[in-house]
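J.: Below are the sequence and a predicted model for it; my questions follow.
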Protein chains: 2
Amino acid sequence: MAAAAAVSISTASKALNDTGRMGSETRERVKRIAAEIGYRPNALARGLLSKRSFTIGLLTNDTYGRFTLPVMAGISDALVDHGVSVFLCAIEDDPALAQIHVDAMLDKQVDGIIATGKRLDRRLPVDLSNLHVPVVYAFTEGTQNSVTFRSDDEQGARLAVEWLVNIGRRRIAHITGPEDFFSVRERAGAYHEVAGHREPVLYGVWSESWGHEAVEQLWKRPGEKPDALFCGNDQIARGAVDALRERGVKVPQDVSVIGFDNWEIVAAQTRPPLTTVDMELKELGRQAGLTVLALAEGRPVEPGVRKLPCRLIVRQSCGG
Amino acid sequence: MAAAAAVSISTASKALNDTGRMGSETRERVKRIAAEIGYRPNALARGLLSKRSFTIGLLTNDTYGRFTLPVMAGISDALVDHGVSVFLCAIEDDPALAQIHVDAMLDKQVDGIIATGKRLDRRLPVDLSNLHVPVVYAFTEGTQNSVTFRSDDEQGARLAVEWLVNIGRRRIAHITGPEDFFSVRERAGAYHEVAGHREPVLYGVWSESWGHEAVEQLWKRPGEKPDALFCGNDQIARGAVDALRERGVKVPQDVSVIGFDNWEIVAAQTRPPLTTVDMELKELGRQAGLTVLALAEGRPVEPGVRKLPCRLIVRQSCGG
DNA sequence: GTGGCATGAGAAAACCTTTTCTCACTTGAC
DNA sequence: GTCAAGTGAGAAAAGGTTTTCTCATGCCAC
């Protein structure tokens, strides 16, 4: 303890925390000696007393981290300045494992929990609604009266389709994922609204091969071919681009293609690199982090669903 | 506290921990009541006394988590049974940020630190060599006298090339990443040894487009074409497969292609799906987790570099 | 010179466990 | 009937910090 090294006992605490009454030369001396011996207070002891562990838990069922990692980066980015560290718990879809991790986090007195996932319209396999610590949901379905952050998929889709319209495309097709995804329906709705129903929506799965196959279907149909494809994610877009190339259709000259997610590893490696919609997951994580911190500190936060706007990332697959 | 709810005071502790002397009916009663009221001991208070926080820190500079996530999954998998939680700290390549995170972890009295990265032959931008907590390195360069876990890239490469030889391929080319990567040189060494120098090694970058371009180079050369490609990672392999398809070369009939990393998102989505070498990162993480736990508990661990064997994942890009 | 007050610094309690120590009571043996 | 040993359970200390309380000193004013 700094006390022993320096002179006094609990006076050290007051000196280092700039609290209490004391001579300024004593305060300075204690601080100097503390710095010299590299004294750092024990966060466990501090937490025991203050009821704040400066620790939060991040719960996710997104094994590959595609969505979780950007969210995590945002959370960490926002909280590191406040001295808060993050427990990451990957729970797959295993309720028992999830419960174990939640219990472990609670035992360690986390100041709050952020739940995140891989899908907006599904809950994590564990009930977090009656915990005595604040819970914030990010990119996963929350509970009644909770704070939930999600991307505004409708606005994102609108952004994409309007872009295609603005560069002069008229026959825009929409190739997307399974219709039971809420975000698929939201994006399709925006597509219909902006594009005006000129082309049908092709529902499928989230894979390159579906993008490939959907292009086959579209180009086998009689009549005019689409001059633009709005794809439900970057993998589908990539499959579509590959299929178009194989058919000798030029991207972006003959057909513009636009993706969703801005999953760099796919979007940037496609030839040509994909124009796509970024869901701003890092910003989403940042806000979730600040919110759980606010709740932990007792500041009031309005419950409800917060939709964060998406952003269009322009690369070369659209021309225009 | 359970004490208040039940009857006595510190007796509760002894009852719940099965220590001390006491009547079995008292012990049972305390346990029962504790279970009823859902009592869970405060890990902070426990840690203060026991000097064990049941917490470790995972430090990584692998932003996209391609390598870190499987390692993390293994660590968590190994340690969750021991009640240990993991702080994940993504430090990019920022020394100042790294130091902040390390300090925060030490303040929180982590029982140990695991350092991981995206490259075997580079250190993290922070010195962990003189900490008073154990440090284990996994998939990143460690320090003198430390415990380091890494994949056996030489053995992995051997596995791949031997497989190609065994299915009858004779003109095996090796397209790989930058020569300054230690693992690139190790893999190339094994390739030379097994394949017998029949083809040159093409060094480049870790991208699909390099795989694509390398195939162009190989097929533009006069003389016999390769009948197999051993690629330095799955992205290169994927670029190569795409280039071959565009040239009308059939995979796997005419040419076998084999990748490295088993990055499912690339390997499984390639047409045909890639046969590839898996570095068993999850197992690597598991062992790193158990090792740091052993060190934290004071059990002796031999320092040194532990090479873990790779495994061949057979899909359809090789035939045979 | 004495009473009041401001000031600086240490003492003590609290946070929640675990562990060791102590004490009262029971039992068995002589 | 007394003594030793054994048993059950509570008391107390410790762990490192923060916060409140107390006390001693010195100063000013009267």
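T.: Arrived safely, thanks for sending.
J.: For the rest of this, base every contact and every neighbour count on C-alpha atoms.
T.: Will do.
J.: Pull the number of nearby residues for residue A:33.
T.: Residues lying near residue A:33 (other CA atoms under 10 Å in any protein chain shown) number 16.
J.: And it, its phi and psi?
T.: The phi/psi pair for residue A:33 (degrees, to the nearest 10) reads phi -60, psi -40.
J.: OK, contacts around whichever residue of chain A sits closest to DNA strand D?
T.: Nearest residue of chain A to DNA strand D (CA to the nearest atom of the strand) works out as residue A:41 at 3.1 Å. Counting by CA atoms under 8 Å, 6 or more residues apart in numbering or on different chains, residue A:41 touches residue B:107.
J.: Quickly note the distance from it to residue A:35.
T.: In this view, residue A:41 and residue A:35 are 12 Å apart by CA to CA, to the nearest Å.
J.: same thing with residue A:65?
T.: In this view, residue A:65 and residue A:35 are 39 Å apart by CA to CA.
J.: Looking at the two, which one has more neighbours?
T.: residue A:65 (21 against 12).
J.: Now do the more buried one against residue A:73, distance only.
T.: Counting by CA to CA, the gap from residue A:65 to residue A:73 is 11 Å.
J.: Give the bridge partners for residue A:277, please.
T.: Here residue A:277 sits in beta bridges with residue A:260, residue A:312, going by DSSP bridges.
J.: Quick check, it in contact with residue A:160.
T.: Yes: if you go by CA atoms under 8 Å, residue A:277 and residue A:160 touch, sitting 6.9 Å apart.
J.: Need the residues touching each of those two.
T.: The contact sets of residue A:277 and residue A:160 overlap at A:258, A:312 (CA under 8 Å, 6+ apart).
J.: the more surrounded of those two?
T.: Legend: neighbour count by other CA under 10 Å for residue A:277 and residue A:160, higher for residue A:160 (30 against 25).
J.: OK, contacts around residue A:113?
T.: By CA under 8 Å, 6+ apart, the neighbours of residue A:113 are A:56-59, A:133-136, A:292.
J.: can you do 10 Å?
T.: Residues in contact with residue A:113 (CA atoms under 10 Å, 6 or more residues apart in numbering or on different chains) are A:55-59, A:86-87, A:102, A:105-106, A:128, A:131, A:133-137, A:288-289, A:292-293, A:296.
J.: ok, the helix ranked longest in chain A near chain B or not?
T.: Longest helix in chain A, counting residues (DSSP state H): helix A:281-296. No: judged by CA under 10 Å from any CA of the partner chain, helix A:281-296 makes no contact with chain B; its nearest approach is 12.2 Å.
J.: Settle this for me: residue A:34 is touching residue A:40, isn't it.
T.: Yes: using CA atoms under 10 Å, residue A:34 is in contact with residue A:40, at 8.0 Å.
J.: Of the two, which one has the most company?
T.: Between residue A:34 and residue A:40, residue A:34 has the larger neighbour count (other CA under 10 Å), namely 19 against 14.
J.: Helix or strand: which one has that one?
T.: Per DSSP states H and E: residue A:34 is located in helix A:24-36.
J.: Packing partners of that helix?
T.: Packing partners of helix A:24-36 (3 or more CA pairs under 10 Å, 6 or more residues apart in numbering or on different chains; DSSP states H and E): helix A:2-5, helix A:11-17.
J.: Comparing the ones you listed by mean pLDDT, which bottoms out?
T.: Note on the helices and strands packed on helix A:24-36: helix A:2-5 shows the lowest mean pLDDT, a mean of 64.
J.: show me what contacts the residue lying closest to residue A:176 once chain neighbours are set aside?
T.: Here the nearest residue to residue A:176 in space, its sequence neighbours aside, is residue A:232; by CA to CA, 6 or more residues apart in numbering or on different chains that works out to 4.0 Å. Residue A:232 is in contact with A:157, A:174-178, A:183-184, A:187-188, A:202-206, A:211, A:258-261, A:276-277, counting by CA under 10 Å, 6+ apart.
J.: State the helix or strand in which residue A:307 lies.
T.: strand A:304-308.
J.: Can you tell me what sits against that strand?
T.: For strand A:304-308, contacts defined as CA under 10 Å, 6+ apart pick out A:137-139, A:141-156, A:279-281, A:283-284, A:287.
J.: let's see it at 6 Å
T.: A:147-152 (CA atoms under 6 Å, 6 or more residues apart in numbering or on different chains).
J.: and that strand, C-alpha only, in PDB?
T.: The C-alpha coordinates for strand A:304-308 follow below in PDB (Å, rounded to 0.1, in the frame of the first residue of the first chain):
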ATOM      1  CA  GLY A 304     -37.800   1.800 -26.300                       C
ATOM      2  CA  VAL A 305     -36.300   0.800 -29.700                       C
ATOM      3  CA  ARG A 306     -33.700   3.100 -31.200                       C
ATOM      4  CA  LYS A 307     -33.200   2.700 -34.900                       C
ATOM      5  CA  LEU A 308     -29.800   3.800 -36.100                       C
END
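J.: what residues does the stretch 151-300 of chain A put near DNA strand C?
T.: Within the stretch 151-300 of chain A, no position lies close to DNA strand C (CA under 7 Å from any atom of the strand).
J.: which residues in the stretch 151-300 of chain A form strands?
T.: For the stretch 151-300 of chain A, applying DSSP state E, counting those that start in this stretch gives strands covering A:172-176, A:201-203, A:228-231, A:256-260, A:275-278.
J.: Dump those strands into TSV; add mean pLDDT as well.
T.: Listed next are the strands of the stretch 151-300 of chain A as TSV, based on pLDDT from 0 to 100:
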stretch	mean pLDDT
strand A:172-176	97
strand A:201-203	96
strand A:228-231	97
strand A:256-260	98
strand A:275-278	98
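J.: Tell me which of the ones you listed is the most buried.
T.: strand A:256-260 (a mean of 30; mean count of other CA atoms under 10 Å in any protein chain shown).
J.: Can you check which residues contact both of residue A:34 and residue A:40?
T.: Counting by CA under 6 Å, 6+ apart, residue A:34 and residue A:40 have no common neighbour.
J.: that older thread, can you tell if the helix holding residue A:34 touches DNA strand C?
T.: Yes: using CA under 7 Å from any atom of the strand, helix A:24-36 reaches DNA strand C at A:24, A:26-27.
J.: Show me which of those residues is closest to DNA strand C.
T.: Distances from DNA strand C to the residues of helix A:24-36 next to DNA strand C, taken by CA to the nearest atom of the strand, are shortest for residue A:26, at 4.9 Å.
J.: Not counting sequence-adjacent ones, nearest residue to that closest one?
T.: Nearest non-adjacent residue to residue A:26 (CA to CA, 6+ apart): residue A:15, at 7.7 Å.
J.: Where does the residue in the stretch 1-150 of chain A that chain B sits nearest to sit: helix, strand or coil?
T.: With distances taken as CA to the nearest CA, the stretch 1-150 of chain A approaches chain B most closely at residue A:87, which sits 4.5 Å away. Assigned with DSSP: H, G, I helix; E, B strand; the rest coil, residue A:87 falls in the strand class.
J.: Beta-bridge partners for it, please?
T.: Applying DSSP bridges, one finds that residue A:87 bridges with residue A:57, residue B:87.
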